[in-house]
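Student: Fold the following and give me the result.
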Amino acid sequence: MWRTNNWRSALAIILAYPQQTQRLVDDLKISSLTLQRWVRGEENPYREQVQELLHALPQHQSRLLPLLAEEFEGMTLHTREIEDIPSIFYAQVLRGSTTIPITIRFWSLASIVLQQVLTQLDPYRTGLLLRVARFLPPGADGKLHCLREAIIQGTAPWEEDTTQNAILLGAESLAGQALTEVHLIVINSCDDDCLLPTTLHKHEVSMLAFPIKRGNRVAGAFLVSSTQEGYFTPSRLSLIHRYTDLLTLTFESEDFYEPDMLDLAVMPGAAEQQRQLSTFRQRVAALLKQAAREQQSLNTMQAEIQIWQQFADEFRLQTS
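Tutor: Sure, this is the predicted structure:
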């Protein structure tokens, strides 16, 4: 998190990363020595360079703008607007929703959407984590007790694809709260005192959960996390909302449930879940072998859902 009260100190933090320095050198067509003179207060940027500096660092605009405006009084500064979702991408997702086989439709389409989100919202790879969580099928009591992280993608410091580290989310999670209220939840600053410590991913500072819904029915949540404090500006929220609407096309009609079916349980913390989930693949393989011996029809996807259900039941007993 930044703890600065002037733009020069903020720029010094940015220049600690060589790739950021090179980007400013290239975009502003100045030397790294000039940047250091700005930091030390030995030289001031020209008026047009102030605006170029702001545009060259889109991921830092929300922090730099008030600091620059304070020193350069009377100068009209503006941030570069985030572009809308390209119309050609809408067409690509719509076409995929009707042509991709149902067995791989969710995974294929959701992966494409998340890649586009990363390209548009984190072009400089400063740290964005995206997760699509979906409900496990209702339990024997007809209620929905938890969600699973079905697809996870991100940029450094997170791995590009961390789906193998997926966990279950319940009432304790941001996704659970958003779905219980059927409303967006945003946290623009999270430190050691954050209210959701057990479900935090390392490096998360700002985070949100958008319910994925069709009409009044819900299928899961779109979770976005950033390494930056105050990341979710109004323009970013609006764009993420539109991407959440696109994600509804990756789900089938039967994946959506009435909100009164929710009875979310509390799941263990992420570290404890991942310790126990280390046996997930072995249990799936064992279930498939058992089905083959008994000549039952069971594919890998069905076996995985059954094992997720088993873990969900075990976790509920642990936290009850």
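Student: contacts and neighbour counts: CA atoms only from here.
Tutor: Noted.
Student: gap between the lowest-mean-pLDDT helix or strand in the chain and the chain center?
Tutor: Of the helices and strands making up the chain, the lowest-confidence element is helix 61-71, at a mean of 82, by mean pLDDT, DSSP states H and E. Taking Cα atoms, centre = their mean, to the nearest Å, the mean C-alpha location of helix 61-71 is offset from the chain mean by 26 Å.
Student: outside of it, which residues touch it?
Tutor: Contact partners of helix 61-71, identified using Cα atoms under 8 Å, 6 or more residues apart in numbering, comprise 5-7, 10, 50, 54-55, 75-79, 230-231, 233.
Student: of those, closest to residue 98?
Tutor: residue 233 (33.7 Å; Cα to Cα).
Student: Tell me the spacing between the closest residue to that closest one other than its chain neighbours and residue 302.
Tutor: Of all residues not flanking residue 233 in the chain, residue 62 sits nearest, at 7.8 Å (Cα to Cα, 6 or more residues apart in numbering). Using Cα to Cα, to the nearest Å, residue 62 is found at 45 Å from residue 302.
Student: Comparing the two, which residue is more hemmed in?
Tutor: Higher neighbour count among residue 62 and residue 302: residue 62, with 17 against 13, using other Cα atoms under 10 Å.
Student: so where does residue 152 fall, helix or strand?
Tutor: Using DSSP states H and E, residue 152 falls within strand 147-154.
Student: returning to what we had before: now whichever helix or strand comes after the least confident helix or strand of the chain: buried residues?
Tutor: Next in sequence after helix 61-71, counting helices and strands by DSSP H and E, comes helix 87-99. Buried residues in helix 87-99, counted by 16 or more other Cα atoms under 10 Å: 93, 96, 97.
Student: Just the buried residues of the contacts of helix 61-71.
Tutor: Those of the contacts of helix 61-71 that meet the buried threshold are 7, 10, 50, 54, 55, 77, 230, 231, by 16+ other Cα under 10 Å.
Student: Filter the residues you listed down to the ones in helices?
Tutor: Of the positions in the buried ones among the contacts of helix 61-71, 7, 10, 50, 54, 55 sit in helices, assigned by DSSP state H.
Student: What separation is there between the second one and residue 31?
Tutor: Using Cα to Cα, one gets 18 Å for the distance from residue 10 to residue 31.
Student: same check, this time on the last one
Tutor: Residue 55 sits 18 Å away from residue 31, going by Cα to Cα.
Student: Likewise for residue 318?
Tutor: Residue 318 sits 59 Å away from residue 31, taking Cα to Cα as the criterion.
Student: helices or strands up against the helix or strand hosting residue 107?
Tutor: Assigned by DSSP H and E, residue 107 falls within helix 102-121. Secondary-structure packing of helix 102-121 (3 or more Cα pairs under 8 Å, 6 or more residues apart in numbering; DSSP states H and E): helix 87-99, strand 128-135, strand 147-154, helix 234-247.
Student: Tell me which of those sits nearest to residue 282.
Tutor: Using Cα to Cα, the helices and strands packed on helix 102-121 put strand 147-154 closest to residue 282, at 18.5 Å.
Student: one step back: what mean pLDDT does the helix holding residue 107 get?
Tutor: Averaged over helix 102-121, pLDDT sits at 94.
Student: what do you get for stretch 74-89?
Tutor: Taken as a whole, stretch 74-89 has an average pLDDT of 76.
Student: State the distance spanning the first to the last residue of that stretch.
Tutor: One end of stretch 74-89 to the other measures 40 Å (Cα to Cα).
Student: Test my guess that residue 225 contacts residue 205.
Tutor: Yes - the pair residue 225 / residue 205 is scored as a contact, 7.2 Å apart, by Cα atoms under 8 Å.
Student: can you list the domain ranges for this protein.
Tutor: 7-71, 87-261, 270-319 (automatic domain parsing).
Student: Now do the contacts for residue 125.
Tutor: Residue 125 sits next to 155, 156 when contact means Cα under 8 Å, 6+ apart.
Student: Residue 239 - nearest residue in space that isn't next to it in sequence?
Tutor: Going by Cα to Cα, 6+ apart, residue 239 has residue 84 as its nearest residue, at 6.7 Å.
Student: How is residue 211 assigned, secondary-structure-wise?
Tutor: strand (DSSP: H, G, I helix; E, B strand; the rest coil).
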